[in-house]
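S.K.: the sequence isn't on hand, but the structure is:
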Ligand SMILES: [Zn+2]
């Protein structure tokens with residue numbers, strides 16, 4: 001109860017977020033392989049999941065009908081008659097138009113998808129769409145560790161590096177809804193690592209799963225530490241597990257990863273003065289192997305006026321449900 005009272009008081013200052021009367025919400029995480037639909041309660045618990053195989057659809061009309069059908073079935077099975085709305089996190093999402101853009105990588109449906117308008121028409125409840133990084137930031141604010149914060153940045157480490165910026169109690173969208181591309185901030189202009197964006201030395205080339213694997217291979221080639229990985233295909237999960245087990249080469253890899261991530265975060269701090277950074281995604285499972293050097297390099301590179309004012313934390317959202325929770329939190333964005 002007090003929590004909602006707090007939301008009301010704190011969020012009253014922001015024109016962008018409001019608490020719905022009915023705090024049950026539907027969160028939908030659209031990925032290239034699966035579409036995860038969840039019914040979320042106000043404590044951030046996913047009460048029920050339904051999964052659709054996104055990859056099986058090449059036309060968005062049956063896809064949206066199936067999403068609507070899954071939501072109806074989910075509500076009826078749970079005995080729920082009303083929800084505050086539907087929030088959707090998706091790649092190439094346009095918050096302003098409510099559409100998933102045409103020719104989205106990893107989606108077989110290649111036409112523009114006016115998903116908000118179509119779902120809203122079928123279900124007759126409000127539908128909000130945003131990109132995964134914005135959803136993650138909002139999820140942290142509504143359900144995670146940033147509940148009491150008005151200024152913070154979330155960074156998702158995974159296939160790529162995504163970020164969501166929350167400042168002055170508002171999620172920052174930017175012109176064309178393209179704010180928060182921290183993964184494509186160039187942290188090492190002398191790097192020869194070529195990013196998918198066509199430039200070299202982006203943060204993503206060091207802090208993504210792919211970047212971490214590349215660092216491991218390069219460090220192994222240096223020969224300073226023994227390469228204890230004998231498998232044929234190295235994954236970021238392997239490197240993380242080895243780092244946790246104390247493998248020197250994997251620890252050196254995470255030290256390098258932390259160094260470049262700290263440079264990106266120190267620069268981001270100068271732009272938006274956050275109270276905290278929240279990290280999420282697979283590579284964060286290495287825990288202190290990442291966090292200890294990250295805090296060290298961050299302090300070393302941070303502008304002195306921010307000294308001891310910014311914390312670095314792991315996301316408090318349950319890893320498996322983080323994307324659905326983030327999407328459900330979009331319902332509170334108006
Ligand atoms: Zn890039």
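M.R.: Okay, I see it. Since we're looking at a predicted model, the values are computed, not measured. Residues are numbered from 1 along each chain as shown.
S.K.: next, the contact list for residue 191, please.
M.R.: Contact analysis of residue 191 by C-beta atoms under 8 Å, 6 or more residues apart in numbering lists 200-201, 205. Any C-beta I mention is one placed from the backbone N, CA and C, and that applies to glycine too.
S.K.: all strands for this protein, in order.
M.R.: Secondary structure of the chain (DSSP state E): strands located at 25-30, 34-40, 46-53, 86-89, 93-94, 99-100, 127-130, 152-157, 161-167, 170-171, 276-280, 311-314.
S.K.: just the angle for the longest one relative to strand 25-30, thanks.
M.R.: Computed by axes from the mean of the first three to the mean of the last three C-alpha atoms, to 10 degrees, the angle separating strand 46-53 from strand 25-30 equals 30 degrees.
S.K.: tell me the residues of the stretch 201-334 of the chain that contact the ion?
M.R.: residue 202 (C-beta under 5 Å from the ion).
S.K.: and with 6 Å instead?
M.R.: Neighbours of the ion within the stretch 201-334 of the chain, by C-beta under 6 Å from the ion: 202, 204.
S.K.: name the nearest residue to residue 161, ignoring sequence neighbours.
M.R.: Leaving aside its sequence neighbours, residue 161 sits nearest to residue 183 (C-beta to C-beta, 6 or more residues apart in numbering; 3.1 Å).
S.K.: need the contact list for the one you found.
M.R.: Counting by C-beta under 8 Å, 6+ apart, residue 183 has contacts 160-163, 202-204, 207-208.
S.K.: out of those, who's the most crowded?
M.R.: Neighbours here mean other C-beta atoms under 10 Å. Within those, the largest count is held by residue 207, at 31 neighbours.
S.K.: would you mind measuring from it to residue 246?
M.R.: Distance, residue 207 to residue 246, using C-beta to C-beta, to the nearest Å: 22 Å.
S.K.: now residue 53
M.R.: Taking C-beta to C-beta, one finds residue 53 at 40 Å from residue 246.
S.K.: the helices in the stretch 201-334 of the chain, which residues?
M.R.: Listed in chain order, the helices of the stretch 201-334 of the chain (DSSP state H, counting those that start in this stretch) span 204-207, 209-222, 236-244, 248-272, 288-301, 322-329.
S.K.: wouldn't residue 66 be in contact with residue 52 here?
M.R.: Yes - Residue 66 lies in contact with residue 52 (C-beta atoms under 8 Å); the separation is 5.7 Å.
S.K.: so what sits against both of those two?
M.R.: Going by C-beta under 8 Å, 6+ apart, no residue sits against residue 66 while also sitting against residue 52.
S.K.: who touches the one residue in the stretch 1-150 of the chain that gets nearest to the ion in this structure?
M.R.: Evaluated by C-beta to the ion, the stretch 1-150 of the chain has residue 105 as its residue closest to the ion, separated by 14.0 Å. Listed by C-beta under 8 Å, 6+ apart, the contact partners of residue 105 are 32, 91-92.
S.K.: can I get those in a markdown table including pLDDT?
M.R.: A markdown table is the format used below for the contacts of residue 105 (pLDDT from 0 to 100):
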| residue | pLDDT |
| --- | --- |
| 32 | 84 |
| 91 | 85 |
| 92 | 87 |
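S.K.: which of the residues you listed are buried?
M.R.: Among the contacts of residue 105, those buried by neighbour count (16 or more other C-beta atoms under 10 Å) are 91-92.
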